[in-house]
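J.: no FASTA, just this:
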């Protein structure tokens, strides 16, 4: 009987040892082979930087981007606003203008029922499925460009006249940055 217990203990110890070694090594990466290298290559492509090092502002929610002027790189942010009717706009702010005393040009979170996201900023881009011939009269007034990508139309608006700052002299100096941003947004393209 003692021999049977000894054999069971040895078999259990070997089984436990084998399981322990397997458990510790199961998360190791597989050996390099062509299938693994191919998969890593396609993952690298998916993870490529669509901003190309900050050269483009990427609206990731929409899969589009536009090239930023050199002087605005790293200083522009955006927020997506969704209206109660489901229409969306991307609203852009320029940090240097945001920081002016008394500036009202920042992006702000909406608190209106049925709406979500950020509104305000210095440039707005409306996204809709409606072509220029079908857009509402209010949207038709004031947009500077229209771009058609896939089944969406994108309309760019400068909100320069809606912005102000207590430091009007400095705001006037920076107002040209708003127009540069609006012009850059006109070159919208789909992220590849």
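T.: Now that the structure is in, tell me what you want to look at. Not measured: the values here are computed from a predicted model.
J.: okay, now the domains of the chain?
T.: 2-46, 56-190 (automatic domain parsing).
J.: from the ones you listed, which stretch is densest packed?
T.: Among these, ranked by average contacts under mean count of other C-beta atoms under 10 Å, first place goes to domain 56-190 (a mean of 16). To be clear about C-beta, it is placed using only N, CA and C from the backbone, and glycine gets the same treatment.
J.: any idea how far apart the tips of that domain sit?
T.: Length of domain 56-190, first residue to last, C-alpha to C-alpha, to the nearest Å: 11 Å.
J.: again, but for stretch 73-90
T.: Stretch 73-90 end-to-end distance (C-alpha to C-alpha) = 17 Å.
J.: that older thread, format the domains of the chain as JSON lines; extra columns: mean pLDDT.
T.: Formatted as JSON lines, the domains of the chain follow (pLDDT from 0 to 100):
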{"stretch": "domain 2-46", "mean pLDDT": "47"}
{"stretch": "domain 56-190", "mean pLDDT": "90"}
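J.: what's the end-to-end length of stretch 185-192?
T.: Start-to-end, stretch 185-192 (C-alpha to C-alpha) is 17 Å.
J.: which residues are contacting it?
T.: 50, 58, 63-67, 92, 123, 125, 144-145, 147, 149-150, 154, 156 (C-beta atoms under 8 Å, 6 or more residues apart in numbering).
J.: the helix or strand hosting residue 171: how far from the chain's middle?
T.: For residue 171, the host element (DSSP states H and E) is helix 168-185. On the basis of C-alpha atoms, centre = their mean, to the nearest Å, helix 168-185 sits 23 Å off its chain's mean C-alpha point.
J.: now do stretch 156-166
T.: Worked out by C-alpha atoms, centre = their mean, stretch 156-166 lies 23 Å from the chain centre.
J.: is residue 80 in contact with residue 88, as I believe?
T.: Yes - in this structure, residue 80 is within contact of residue 88 by C-beta atoms under 8 Å, at 6.0 Å.
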